[in-house]
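A.B. asks: One predicted model, sequence on top.
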Amino acid sequence: MFTRLFKIFLRFGSRQPYRISRIELKSSNPACLLLEWLEQAEKRGAKARAMNLATATKNGEVSSRHVAISEITDDASIVFTSQNYTSKITNIEENPQVAATILLQYEDSGVNILKQIVLTGKAVKLPHETCKEYFTKVITVSQQIRYVLTKKSEWVDCDEFNEAHDTLLTDISTKGTKLEMPDTLVAYKIVPHTLDFYYMSQHNIGDRLVFTRTNDNQWKCVRKLT
Ligand SMILES: Cc1cc2nc3c(=O)[nH]c(=O)nc-3n(C[C@H](O)[C@H](O)[C@H](O)COP(=O)(O)O)c2cc1C
């Protein structure tokens with residue numbers, strides 16, 4: 001109670017103004033800031049390996065859902081995997097323009113931290129062999145099993161599904177079985193045109209850095225208030 005009153009005194013009693021939560025930039029490459037933010041958030045226990053991905057049909061009907069982040073490449077592209085029959089992939093095949101949002105929320109030394117990264121850009125399909133590498137080296141065993149068991153999109157009997165799941169898991173853990181990538185699996189990278197970093201700590205005013213890719217493939221960065 002006393003601490004709370006003291007904090008209120010510090011903010012209002014001492015007439016301390018609301019401050020801007022400044023984003024410190026160490027590199028002109030947004031991939032560095034993106035990786036730094038995800039690592040910082042993970043160290044403090046936040047879930048930082050998924051993004052909300054918005055896609056649209058060629059007629060502009062929008063849909064969104066979460067996908068796991070498989071990799072962030074040096075050019076700030078984000079790789080994800082999915083089954084080729086899902087609506088995100090059928091959307092991308094007719095309209096490659098996408099947007100993605102990553103929300104990071106955690107506490108650092110008792111201070112609430114909120115960070116958001118919004119990307120807009122194009123989804124580009126990766127070769128089959130590259131997709132195989134993500135399947136075997138990057139994605140988790142539970143995701144591998146899910147992909148193997150959902151290679152057909154039709155509804156299955158729950159008990160049969162669970163039995164098949166447990167058999168695969170036992171084979172992997174006791175016999176070291178390596179799962180074959182289903183041929184329905186695809187990997188895409190989102191090549192960003194813009195990356196918008198937003199940072200707000202506690203009740204302070206948020207700071208934003210917006211990176212835009214120029215025609216000669218460099219990054220232009222502008223600081224904005226929210
Ligand atoms: C945290 C989280 C991560 C997910 N990761 C993936 C993923 O990497 N790939 C995928 O296809 N679906 C993933 N899903 C499931 C999708 O959100 C979605 O329900 C499914 O792919 C069907 O999407 P669509 O038909 O709208 O394309 C994830 C769901 C959650 C909640």
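C.D. replies: Arrived safely.
A.B. asks: Can you pull out the low-pLDDT segments for the chain?
C.D. replies: 1-18 (pLDDT under 70).
A.B. asks: Tell me the helices and strands packed up against the helix or strand that contains Q116.
C.D. replies: Using DSSP states H and E, Q116 sits in strand 111-125. With contacts taken as 3 or more C-beta pairs under 8 Å, 6 or more residues apart in numbering; DSSP states H and E, strand 111-125 sits against helix 30-43, strand 97-108, strand 185-201. C-beta here means a position set from N, CA and C on the backbone, and glycine is covered the same way.
A.B. asks: Beyond the first one, next helix or strand please.
C.D. replies: On the C-terminal side of helix 30-43, the closest following helix or strand by DSSP H and E is strand 50-56.
A.B. asks: Check which residues of that next one are buried.
C.D. replies: Neighbour counts using 16 or more other C-beta atoms under 10 Å place M51, L53, A54, T55, A56 of strand 50-56 among the buried residues.
A.B. asks: Quick one: name whatever helix or strand follows that strand.
C.D. replies: strand 62-68.
A.B. asks: packing partners for that next one?
C.D. replies: For strand 62-68, the elements it packs on are strand 50-56, strand 78-83, helix 87-94, judged by 3+ C-beta pairs under 8 Å, 6+ apart.
A.B. asks: Any buried residues in the helix or strand hosting E133, and which?
C.D. replies: According to DSSP H and E, E133 maps onto helix 128-133. The neighbour-count check on helix 128-133 (16+ other C-beta under 10 Å) flags C131 as buried.
A.B. asks: Packing partners of it?
C.D. replies: Using 3+ C-beta pairs under 8 Å, 6+ apart: helix 128-133 touches strand 185-201.
A.B. asks: What pairs with the strand it packs on, parallel or antiparallel?
C.D. replies: strand 78-83 (antiparallel), strand 111-125 (antiparallel), strand 207-213 (antiparallel) (DSSP bridges).
A.B. asks: tilt between that strand and strand 62-68?
C.D. replies: Per axes from the mean of the first three to the mean of the last three C-alpha atoms, to 10 degrees, the angle that strand 185-201 makes with strand 62-68 is 90 degrees.
A.B. asks: near the ligand, which residues of this protein?
C.D. replies: Within the chain, the positions near the ligand by C-beta under 6 Å from any ligand atom are 50, 63, 65-68, 80-83, 86-88.
A.B. asks: Which one (most neighbours) among the residues you listed?
C.D. replies: Of all these, F80 has the most neighbours under the rule other C-beta atoms under 10 Å, reaching 23 neighbours.
A.B. asks: hmm, back to that, ok, and what's touching the helix holding E133?
C.D. replies: With contacts defined as C-beta atoms under 8 Å, 6 or more residues apart in numbering, helix 128-133 is touched by T81, M181, L185, V186, A187.
A.B. asks: can you give me phi and psi for V148?
C.D. replies: Backbone torsions for V148, taken as degrees, to the nearest 10, come to phi -60, psi -40.
A.B. asks: and it, what is it in contact with?
C.D. replies: L168, L179, E180, P182.
A.B. asks: out of the residues you listed, which are inside helices?
C.D. replies: Counting by DSSP state H, these place L168 in helices.
A.B. asks: Show the buried residues in the contacts of V148.
C.D. replies: L168, L179, P182.
A.B. asks: Need the three-state assignment for the closest residue to the first one other than its chain neighbours.
C.D. replies: Once its chain neighbours are removed from consideration, L168 has its nearest residue in I145; the separation is 5.2 Å (C-beta to C-beta, 6 or more residues apart in numbering). Under DSSP: H, G, I helix; E, B strand; the rest coil, I145 falls in the helix class.
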